[in-house]
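[1] I would like the atomic coordinates for the input below:
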Amino acid sequence: MKITPEEVRHVARLARLSLSEAEVEKTTLQLDDILSYVEKLGELDTTGVLPMTHALDIRNAFRADETSASLPQREALANGPAHNGEAFTVPRVI
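    Numbers count the residues shown, from 1 in each chain. Modelled structure (predicted):
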C-alpha cells in the first residue's frame with residue numbers, strides 16, 4: 001500500500017475535512033490506486049521524448065496585437081453609473 005489511513009486522516013485534517021471511517025477507507029484505496037498508476041507511468045522509458053506543455057501541437061491562438069483608437073472619454077463615461085465629467089465616481093471606502 002502506497003498510502004496509509006493515518007496519512008489520509010492527516011491530509012483530511014489539514015484540509016479541514018471530517019471523514020468518517022468508511023470515507024477514510026474508501027479514500028485510502030482510491031489514492032493507493034492513483035499512486036500505483038503514477039508509479040507505473042514512472043517506469044516508462046521516455047528517453048528521446050521531448051517535454052511538452054500540451055498533448056496537441058497548438059500554436060498561439062491569440063489575435064495579432066494591433067493598435068487602435070481609444071474610446072472617446074465622453075462615450076466611456078456614459079457606460080458608468082456615475083461620473084464627474086472627467087472620471088467615474090465611486091463611493092468612498094475608508
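[2] tell me the mean pLDDT for the biggest helix by length in the chain?
    Ranked by residue count, the top helix of the chain under DSSP state H comes out as helix 21-42. The average pLDDT for helix 21-42 rounds to 94.
[3] For it, buried residues please.
    For helix 21-42, a neighbour-count test (16 or more other Cβ atoms under 10 Å) marks Thr27, Thr28, Leu31 as buried. Every C-beta, even on glycine, is put in place using the N, C-alpha and C of the backbone.
[4] With stretch 80-94 instead?
    For stretch 80-94, by 16+ other Cβ under 10 Å, it's His83.
[5] hey, where'd the strands end up in this protein?
    Shown for the chain, no strands are assigned by DSSP state E.
[6] quick revisit: identify, from the buried residues of helix 21-42, the entry nearest to Asn84.
    Thr27 (57.2 Å; Cβ to Cβ).
[7] Skipping adjacent residues, who's closest to the closest one in space?
    Among residues not flanking Thr27 along the chain, Val8 sits closest, at 5.1 Å (Cβ to Cβ, 6 or more residues apart in numbering).
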